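>>> structure for the following, please:
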Amino acid sequence: MDYSILVNKDNKIKSNYIDRINLIKTKDVEGIDVFVEEKTYNAYLDLKNFLFEKNIEIGISSAYRSIDEQINIYNDFINRYGKDYADKYVAIPEYSEHHTGLAIDINIKIDDKYPSNNNELMAQKKYYEDIHKYLKDFGFILRYPEGKEDITGYPYEPWHYRYVGKFIANIISENNMCLEEYKSSFSGILIVNKEKGCTSFDIVNRISKLFGIKKIGHTGTLDPLAEGVLIVCIGQATKVVELLTAEDKEYIAKVKLGLKTDTYDIEGKVIEEKLVEDVNIEDIVNSYKKTYMQEVPIYSAVKVNGKKLYDYARENKKVKLPKKEVTIKEIEILDKFNDSFVFRTLVTKGCYIRSLINDIGNDLGCGAIMTSLIRTKQGNISIDKSYTISDIENGNYKMYKIEDLLDYPKIIVDSEEEFKIKNGMKIFNKWKIKDKVMFFNKHNKLLGIYEVDNQKLRVWKNFN
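Numbering: from 1, shown residues only. Have a look, this model is predicted:
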C-alpha cells in the first residue's frame, strides 16, 4: 500500500490502487455511514482520543468517495455554482484525493454542534490551526496548506487531512512542504550501515518504500556477505551518484588461507584445498600496494557481450574474464592467525576485494578466500557517520545535502548569474575554477554543478 500516493488535478487515481484499499465503515458527524482506509482510520482514532483529552472534539465529515459519488458531488456543484466554481473547489472524478481512502475532512464540535457549511468551517480557522501542530505525530499532513495554493491547485482547507504515515509526515512538516513538493523535489543522501545478508538493492528498495520515492540509487554495490558504508542518494541527489562512486573506498577484510572457491569467498563452492605451510604473508600483502590489471570475478554484474558474468557462471559457461586497472593505495595486516589474517586496504573505484584476496592467495601458493568484509569508508565518509536500516526506519538518522559530501568550491551568485545557471548557460570563469564548482543562490539553494570548459564554465548538473 502506497501511503504517499499523489492524486491531484494532474495525477489520476489508478484502478488497481482502488481495488487494494481495505476500507473500514464508520459514521460521519451526521450519523451517516462513511468509509476510511484501515490504517488511516486507526490513526484518526488515536488523534481523536488525543484531542479529546485536550477538550477538542472532532468528527469526520467526509472520507472515501467512490468515483460515482465524486461525479454526483462535482455535478451538484456545477448545477449550484457553475463550472468555474466547481473546478476551483471540487476535484474532477478520478482526480480526487478522497478516492484513496487516505483523506479525511474533519469537523470540530463547538457549543455542542458541528459546522454545517463552509462559512462556518472557515470561522473555526483558529481552532483548526491549534490541531495542525499535532498532525505529524499521528501520520497526517495538512493536505492543502495556506500559501501553497499555486502548487496544490486548491484553496487553503484547514480541515482536510491526509494520512501518509508518521515517517513521511514528519519530513513534510519539518521542511514546510506540501505533498506535491515532497514527491517532486525532496532529495538527500543517507549513509547506511549495510548489514550482512542483504543486497544493496534490498537496501535501496526498503528506503524507496519508506520514503515513498522511486528515484533512489546507491554509489557502490556491496555483496550480501559484505557490510558497512553504503551511500544512498534520494531524488535529485541521484544526479551525483557517479561522483560519489568515484571516491576511494576503505575496507577491512578477513581472509582464510588454504582454500579456493568459485566465488572467491566463503559462500562459494570449494574447488581446491591445500595445506597452509609457513608463508611470508607480510611481504606478499605489502607488494600489492600498487596499480595493476585486476581480473573481474565471474560472480559479478559486469557485462560481457551484453550478458552479466554471474549469468555465465550459473549456466556453467566459460567466458574470458575482463580486467580492470585498479590501484591499491594502502594495505596493511591488522591481525594474523595460523590459517587466516585480517587486513585493511584503501582502493580506487572498481576494485574487487574478493579478487585482490584471490590474487594474494595465488601468490602465496596456497589459495585464499574472503570470509568477511566491512566497508569502513568511502571518500571522506566513515562508518561512524552511518545508520542501520532499523535506525532510519525509527527516525534516528541524518539526511545529508549534496553539498555536504562533495568537496568542490561553493559560490553564491547574483540574480543575473542565477538566471544563466537555471537556463543552463555558460558562465565566464572569473573565479579561476580548476575542475568543478557548486553554485548557490542568495537563499543557499543549490542551483547547479558546473565544470571547466576552456575559459568558461559549463553546466554539469542542474538542480532546478
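
>>> C-alpha from now on. contacts and neighbour counts both.
Will do.

>>> the helices in the stretch 1-150 of the chain, which residues?
15-18, 38-52, 67-81, 83-89, 118-123, 125-132, 149-152 (DSSP state H, counting those that start in this stretch).

>>> out of those helices, flag the one nearest K196.
helix 38-52 (32.0 Å; CA to CA).

>>> quick one on the thing from earlier: okay if I get the helices of the stretch 1-150 of the chain as TSV plus distance to K274, mean neighbour count and mean pLDDT?
Below are those laid out as TSV (distance: least, CA to CA, whole Å; neighbours: other CA atoms under 10 Å; pLDDT from 0 to 100):
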stretch	distance to K274	mean neighbour count	mean pLDDT
helix 15-18	58	11	85
helix 38-52	59	17	98
helix 67-81	71	15	91
helix 83-89	78	14	85
helix 118-123	82	13	81
helix 125-132	69	14	93
helix 149-152	68	14	95
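
>>> which among those helices is found nearest to T100?
helix 15-18 (6.8 Å).

>>> and the closest one, C-alpha only, in CSV?
This file holds the C-alpha atoms of helix 15-18, laid out as CSV (Å, rounded to 0.1, in the frame of the first residue of the first chain):
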residue,chain,number,x,y,z
SER,A,15,-7.9,1.5,-10.7
ASN,A,16,-5.6,-1.2,-9.3
TYR,A,17,-5.0,1.1,-6.3
ILE,A,18,-8.7,1.4,-5.6
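
>>> just to revisit the earlier point, how about the helices of the stretch 1-150 of the chain in CSV, adding distance to N358?
Converted to CSV, those look like this (distance: least, CA to CA, whole Å):
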stretch, distance to N358
helix 15-18, 50
helix 38-52, 52
helix 67-81, 62
helix 83-89, 67
helix 118-123, 72
helix 125-132, 60
helix 149-152, 56
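
>>> out of those, flag the one nearest V192.
Of all the helices of the stretch 1-150 of the chain, helix 38-52 comes closest under CA to CA, at 28.4 Å.

>>> mind giving me the packing neighbours of the closest one?
strand 23-27, strand 57-62 (3 or more CA pairs under 8 Å, 6 or more residues apart in numbering; DSSP states H and E).

>>> just say which of those strands is most tucked in.
strand 57-62 (a mean of 20; mean count of other CA atoms under 10 Å).

>>> give me the angle between that one and strand 23-27.
120 degrees (axes from the mean of the first three to the mean of the last three CA atoms, to 10 degrees).

>>> which strands and helices lie in contact with strand 57-62?
By 3+ CA pairs under 8 Å, 6+ apart, strand 57-62 packs against helix 38-52, strand 103-109.

>>> which stretch among the ones you listed comes nearest K14?
strand 103-109 (15.9 Å).

>>> tell me the strands beside that closest one, with direction?
Strand 103-109 has the following sheet partners, assigned by DSSP bridges: strand 57-62 (antiparallel), strand 160-163 (antiparallel).

>>> export the shortest one to PDB, keeping only CA atoms.
Presented in PDB, the C-alpha positions along strand 160-163 are these (Å, rounded to 0.1, in the frame of the first residue of the first chain):
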ATOM      1  CA  HIS A 160      -8.600  18.500   5.000                       C
ATOM      2  CA  TYR A 161      -6.100  16.000   6.400                       C
ATOM      3  CA  ARG A 162      -4.200  13.300   4.600                       C
ATOM      4  CA  TYR A 163      -2.600  10.200   6.100                       C
END
